[in-house]
Each structure stands twice: as C-alpha cells, then as structure tokens.
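[1] All I have is the shape, not the residue letters:
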C-alpha cells in the first residue's frame, strides 16, 4: 500500500512555494501602508482553504527573499504590545515584477487547465 | 539596479515544479496507452507558452519520482530507431491522486485569484 499523503504533501508544498511570492507581492501592492508578517499571515489565513494550509513560519523566509531581491523594503518599528515589528512595503521593482508574475500565473493556469480538460492533443 | 530576471526565473521554476507532477499524471491518465518521456515532452511543448518554457530534461526526474511513489509504472521496450525507451502508465493510485491534486489545484487558483483581484479584505 502506497502512502498517498507523502506525494500529496510534496505537491502542496511545491504549489505553495510557487505562489507564495506572488501572493505576498500582491497583498503588499494593495495594502494602504506597510504590513508586518503576522498581519499578512492572518489575512491569508482568512482567505485560504484547508487544502492550502501553509505554516505561518514559511512566510518569513519568503518575505526576506523578496526583500533581498529588491522587491520589498522593510523597516523595524517598536511595538507597544511586544517585540519590535518589521514592516514591509512593496518597491517600484516589486510592482513591475508583480505585473510580470501575474502574466506568468495566468499563462500557467491556461496551460494546466487545457491539459486537465483534455483540450491538448493527447 | 536589481536584476529582475533572477527572481522571475526562480518564480517560474517553482511554478513549474509545482504543476509538473499534476500535468504529467493528467497526460498519462488521458493517454490511450503507455507513453515515453520524449513523447510527453513534445506534447507539452505544443501546448505551452514561452513564459512556461521547461527544460525537457526536467521532465525525467518528475516521471521517476512519480513512479517511485507508485503513481506511475514503467517498462522498457526496445526501439527500432535508437536506444530502448521507458514507457510510463498511470496506476490506480495515480488516478486517485490525480483527482485529489486537481481539487487542490482548483482551490489554489481560487485563493491566488481572489488575492490578485483584491477580493480579499486587504
């Protein structure tokens, strides 16, 4: 008996890592001001269905990587209720990249859906 | 000046690795008989747009990984025109997994599209 969960977990993880950067850029492009990690995590949890559960800790490396690539900038602000918080803002490069990635996402959806619907010439 | 291509290549690569397993299972579920790697690669190339370019060599590790997990089976057949070919067939477990992954893909699309369209409460 093959364990079905192992490959499915891998599939979910790969799908999540592909879309996480896109989703984070998009959230920050629509936000009225800088947001900190936990704030973004809460927002995503409200919109996400169970099958897409992503550990909150998985968000932070993606935010750092986007910043390292110049797509986000951040600054640390003190918090009245706990440790200082790092606030993220999307940069001009980040907005351009979001436009490009949204286009790639759209092409990826068409490609996969065509295959799934058997509209390719299998 | 930030190199825009580096993060975009990473994004494309992550998107590809997430969807490649789904696409391969789907192609083999619709195929009338076993298919070999190059045959699948050609079929995908006909359906894919430029932004999704995936190196053909990237296909083989995914096929092997799906087989290792019991979702595909394979056997090697001699070829009149060259070296023997490994033909892949989807298994019963593979078909069940395809159903589950198609559902995850569909939820992922709704989640990402809701965020992109600003229908989440950002």
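    Sure thing, it's come through. Remember, it's a predicted structure, so these values are computed and weren't measured experimentally.
[2] ok, the spatially most central residue of chain A to residue A:61 distance?
    Geometric centre of chain A, nearest residue: residue A:20, 1.9 Å, by CA atoms, centre = their mean. Note on residue A:20: its distance to residue A:61, by CB to CB, to the nearest Å, is 9 Å. All C-beta atoms are positioned from the backbone trio N, CA, C, and that covers glycine.
[3] Is residue A:75 in a helix, a strand, or coil?
    Secondary structure, DSSP: H, G, I helix; E, B strand; the rest coil: residue A:75 is strand.
[4] mind listing what it touches?
    Residues counted as contacts of residue A:75 (CB atoms under 8 Å, 6 or more residues apart in numbering or on different chains) are A:34, A:86, A:87.
[5] Please apply the same query to residue A:24.
    Listed by CB under 8 Å, 6+ apart, the contact set of residue A:24 reads A:40, A:59, A:62, A:63, A:66, A:72.
[6] Need the three-state assignment for it.
    Recorded secondary structure, residue A:24: helix (three-state DSSP).
[7] so how far is chain B from the residue nearest to the centre of chain A?
    9 Å (CB to the nearest CB, to the nearest Å).
[8] Also residue A:106?
    Distance, residue A:106 to chain B, using CB to the nearest CB: 9 Å.
[9] In the helix or strand hosting that residue, which residues are buried?
    Secondary structure from DSSP states H and E places residue A:106 in helix A:92-116. Residues of helix A:92-116 classed as buried by neighbour count (16 or more other CB atoms under 10 Å in any protein chain shown): A:93-94, A:97-98, A:101-102, A:104-105, A:107-109, A:111-112, A:115-116.
[10] and it, what does it pack onto?
    For helix A:92-116, the elements it packs on are helix A:5-30, helix B:5-30, helix B:37-47, helix B:92-116, judged by 3 or more CB pairs under 8 Å, 6 or more residues apart in numbering or on different chains; DSSP states H and E.
[11] quick one: the worst-scoring helix or strand of chain A on mean pLDDT near chain B?
    Every helix and strand of chain A was ranked by mean pLDDT, DSSP states H and E. The lowest is helix A:37-47, at a mean of 88. Yes: contact between helix A:37-47 and chain B, assessed by CB under 8 Å from any CB of the partner chain, occurs at A:43, A:44, A:46, A:47.
[12] Weed out the non-buried ones from those residues.
    Buried by 16+ other CB under 10 Å: A:43, A:44, A:47, out of those.
[13] For these, give me TSV that also has distance to residue B:76.
    Shown next, in TSV, are these (distance: CB to CB, whole Å):
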residue	distance to residue B:76
A:43	51
A:44	46
A:47	47
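[14] can you list the weak-confidence ranges in chain A?
    For chain A, the stretches flagged by pLDDT under 70 are A:1-5, A:49-55, A:120-122.
[15] Would you mind measuring from the residue nearest to the centre of chain A to residue B:31?
    Applying CB to CB, the value for residue A:20 to residue B:31 is 32 Å.
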